[in-house]
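> Show me the folded form of this:
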Amino acid sequence: MQNKKSKRKIVATVFTVITILLLTAISVSKLVKAPVITERFTQLGLMNHLTHLAFATIAFTVLYGFPKTMKIGLFLLSCYFGGAIAINLEHGMMPIQPVVLLAILWINAFVRNREIFISSK
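Here you go, the predicted model:
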């Protein structure tokens, strides 16, 4: 039983690190104004807000990374990517990237702390 818990914890930690690195890479690409990012944000009419959105993503990711603030980080990142999905749909674009990232976040949150989704009665 103890071995199973430790394996689950290792998997959760590795998956969390990968998720945080992915979100950090996205934020950094916004801060350095990578051509792919600037093109997409120009199409969406959000170029003036690129830096603000990058810092918001970093802040939400930091909250998500710590166990005590994971729930609020998950909530804020879910809102952020939900908004990204809505903006993509409004402009007639496929919201594949925000949908995939949101799915990764929720799967990772489930692996880290099942009590968020399932009652532990």
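> C-alpha from now on. contacts and neighbour counts both.
OK.
> How many residues are close by residue 54?
20 (other CA atoms under 10 Å).
> check contacts around it.
By CA atoms under 8 Å, 6 or more residues apart in numbering, the contact set of residue 54 is 26-28, 30-31.
> Okay, and it sits in which element?
Assigned by DSSP states H and E, residue 54 belongs to helix 50-65.
> Report the next helix or strand after that helix in sequence order.
Downstream of helix 50-65 (by DSSP H and E), the next one is helix 70-90.
> What residues sit buried inside the following helix or strand past that following helix?
Next along the chain after helix 70-90, taking DSSP H and E as the criterion, comes helix 96-112. For helix 96-112, a neighbour-count test (16 or more other CA atoms under 10 Å) marks 98-99, 101-102, 105-106, 108-109, 111-112 as buried.
> I'd assumed residue 107 was in contact with residue 15.
No: using CA atoms under 8 Å, residue 15 is not in contact with residue 107, being 9.4 Å away.
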